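S.K.: one predicted model, sequence on top.
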Amino acid sequence: MTILSEKTKPAPHNMRRALFVVSLSAACLSFILPAHARRHHSSSQISHAHSRFNHSSAENDTIGRYHGFAAIVIDAYNGHALYARNEDELRHPASVTKVMTLYLLFEQLEKGRLRLDTPLMISSHAAAQAPSKLGLAPGQTITVENAIKALVTKSANDIACAIAENIGGNEHTFAQIMTNKAHSLGMAQTHYENASGLPDPDQVTTARDLSILGRAIQERFPKYYKYFSTHVFAYNGTLHRNHNHLLGRVEGMDGIKTGYTRASGFNLLTSVRRGHHHIVAVVMGGVSAGSRDAIMAGLIEKHIGEGSSIRSASAITEDNNSTQGNDDANNQVNFPSKPARVSQALVENSLGKEPTQKVGGRLVSSSNIDAEPVGTARAQSEPIASPLQEKVLTHFQIIRPAFVSGVQKTKMVMPDLDKKKRVASLNLSSTLIQDGSTTTRVAKSVSVSGYSTTPSTLRPTNNQSHGEVESSRPIRSGWMIQIAAAESNEKANMLLDKAKIQLQGLPPQVKAFTEKVQKGNETLYRARFAGLEQQSAEAACKVLKRSGLGCFVTKN
């Protein structure tokens, strides 16, 4: 260091200039060094993620700290779990929902009710679905084969809805068929509200349930399962690439589906055959597509060699002793109740269970998460949680965005229709789960009355006109409820009779009727009640849903 004497000390203005230069240099360094550190850290993260993808046998304990992560790896040859973490915790399936939609479509193909070249009509409801979508207009058609490819690659919500309507008559009825099918396969905690996976707080599943579906669809429909390996789908001059980026990159992967909403996080269901081994794996609740893919690749590489090389497990079959085995829209009665939901705050404050194993890979934060597709959540009364469901609520752990969301409930008040004929009232005996921000109301029992038991004698006329609706609909204002869309007028009336029993009578102003509609080459008969007020219609629908019947409210 040079020491300046009195004689050599610089002039004051020179000193001030030197101090300014030093200060400026220090300020520049304070910006440059952290920026360099950030670039180095980001580069290290990318390098580490890339290393995990290619060298996934390395163990990493970090993943164990993320309680929102749910995953399972199943040996498809013996049905044993090779890895499991939060595998029975409720999660939103997002677009992995479309695997069940395709399961039911494959079923129609197998039974000969549809062909690959059968045109599916696009309704205004289907065309109005939120993206991702093909964007077909109402009245246009798409073949069954192109519809399959659109779901596998583009994950088109409008086409999923069209499939639902062409099979079930309407999406709501189809969702009930989906739920029934899930339960008949052993997917005990799965409940569907739509065919696409668009956000709905009541649409829930578990990693274990999805692994069952992943095995069942390829065992049952090997001829059609091959569509899940479609890399690119060309339609109307546009190429739609498969969202499963591991397809073609991980050896032996043959499908099957990705999914994402804000509530679900990034989900992935896969199937891998390598050598003499076959595994089905599920990852749910990833915070980015890249981290989810890296974790899935790590799970596959870690466990693919641990499985059996000899098939000992029997194929997954449906429960033939239940009503769930019948996939006709008109016979959807005694629906299994859906799992209880929990609110977001309750979920985020819970403590999660530890994994049965640790696996290489960790969740990586992402500031680039896509916006959630637009969807409408319906507030509904829900069944009491079973002991298993209560355990699910206790252990349900999550880190945003993977949570089962809750919506605030409002008590539905039944209007005073006719005091003389009233035999009971709407009772909502509820258990409230308080979490400090929202309340989830779980209905214990619901009964509705104020109705007479006079059966309807209305029947549709025999005149027929393609593309038009004809019915015995009473001409009146107010609100209606629809129970189902049946294949015959007789079956539609049977459903109305069952609904009347549950509703304990109908007042004179409420009329039961069937409505004939033409859907392409298919004729359906809607089972409906008209002449209700909005609140009484909604309350009646809740009663019917609790009893296992389908129901939705519509303006007359």
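M.R.: Everything's here; your move. Source: prediction; values computed, not measured.
S.K.: Q176 against G550, yeah?
M.R.: Yes - the pair Q176 / G550 is scored as a contact, 4.8 Å apart, by Cβ atoms under 8 Å. (Glycine included, C-beta is placed from N, CA and C.)
S.K.: from G139, how far out is H125?
M.R.: H125 is 13 Å from G139, where distance means Cβ to Cβ, to the nearest Å.
S.K.: find the nearest non-adjacent residue to G139, please.
M.R.: I122 (6.7 Å; Cβ to Cβ, 6 or more residues apart in numbering).
S.K.: sorry, wrong one. I was asking about D209.
M.R.: Using Cβ to Cβ, 6+ apart and skipping residues adjacent in sequence, the residue nearest D209 is M187, 3.8 Å away.
S.K.: now swap in N170 and tell me
M.R.: N170 sits nearest to A485 (Cβ to Cβ, 6+ apart), 5.9 Å away.
S.K.: count of residues packed around that neighbour?
M.R.: 28 (other Cβ atoms under 10 Å).
S.K.: give me the three-state assignment for it.
M.R.: With DSSP: H, G, I helix; E, B strand; the rest coil as the basis, A485 sits in strand.
S.K.: offset the numbering so it begins at 37, please.
M.R.: Done: numbering now begins at 37, and the last item shifts to A521.
S.K.: give the bridge partners for it, please.
M.R.: Taking DSSP bridges as the rule, A521 bridges to R562.
S.K.: show the contacting residues for it.
M.R.: Going by Cβ atoms under 8 Å, 6 or more residues apart in numbering, A521 touches G204, G205, N206, T209, A365, N366, A528, V553, L560, Y561, R562, A563.
S.K.: pretty sure the second one contacts A563?
M.R.: What that stands for is G205. No - counting by Cβ under 8 Å, G205 sits too far from A563 to count as a contact (10.5 Å).
S.K.: joint contacts of those two?
M.R.: A520, A521.
S.K.: all helices for the protein, in order.
M.R.: For the chain, the helices defined by DSSP state H occupy 48-90, 134-146, 160-163, 180-185, 193-204, 207-220, 243-256, 258-261, 325-339, 380-384, 423-431, 525-539, 570-582.
S.K.: just the mean pLDDT for the last one, thanks.
M.R.: For helix 570-582, the per-residue pLDDT values average out at 83.
S.K.: rewinding a little: if I look at the residue nearest to N206, how far off is R562?
M.R.: Counting by Cβ to Cβ - A521 and R562 are separated by 5 Å.
S.K.: swap in S345?
M.R.: 53 Å.
S.K.: more crowded one of these two?
M.R.: R562 (24 against 11).
S.K.: now do S92, the pLDDT please.
M.R.: 38.
S.K.: any stretches of the protein with poor pLDDT?
M.R.: 37-104, 356-513, 541-542 (pLDDT under 70).
S.K.: what domains does the record give for it?
M.R.: Listed domain ranges for the chain are 98-346+354-384, 506-591 (source: automatic domain parsing).
S.K.: most packed of the ones you listed?
M.R.: domain 98-346+354-384 (a mean of 21; mean count of other Cβ atoms under 10 Å).
S.K.: was I right to think the residue nearest to G175 contacts L170?
M.R.: No - I158 is beyond contact range of L170, at 9.0 Å (criterion: Cβ under 8 Å).
S.K.: who touches both of those two?
M.R.: Contact with both I158 and L170 is made by residues I178, D194, according to Cβ under 8 Å, 6+ apart.
S.K.: quick one: contacts for I108?
M.R.: I108 neighbours (Cβ under 8 Å, 6+ apart): A117, Y119, A120, R121, E123, A243, R244, S247, A317, V318.
S.K.: switch the residues you listed over to a markdown table; also include distance to G148.
M.R.: Shown next, in a markdown table, are the contacts of I108 (distance: Cβ to Cβ, whole Å):
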| residue | distance to G148 |
| --- | --- |
| A117 | 37 |
| Y119 | 40 |
| A120 | 39 |
| R121 | 42 |
| E123 | 37 |
| A243 | 34 |
| R244 | 33 |
| S247 | 30 |
| A317 | 33 |
| V318 | 32 |
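S.K.: of those residues, just say which sits nearest to I340.
M.R.: A317 (9.2 Å; Cβ to Cβ).
S.K.: surely the closest one meets A112?
M.R.: No - taking Cβ under 8 Å as the definition, A317 is not a contact partner of A112, at 9.9 Å.
S.K.: what do those two both touch?
M.R.: Common neighbours of A317 and A112 (Cβ under 8 Å, 6+ apart) are S307.
S.K.: quick revisit: what touches both of A521 and R562?
M.R.: Joint contacts of A521 and R562 (Cβ under 8 Å, 6+ apart) are G205, A528, V553.
S.K.: gap between the last one and A521?
M.R.: It refers to V553. In terms of Cβ to Cβ, V553 sits 7 Å off from A521.
S.K.: shared neighbours of those two, anything?
M.R.: G205, L560, Y561, R562.
S.K.: gap between the second one and G205?
M.R.: The reference is to L560. 5 Å.
S.K.: next one: the third one
M.R.: Taking Cβ to Cβ as the criterion, Y561 is separated from G205 by 9 Å.
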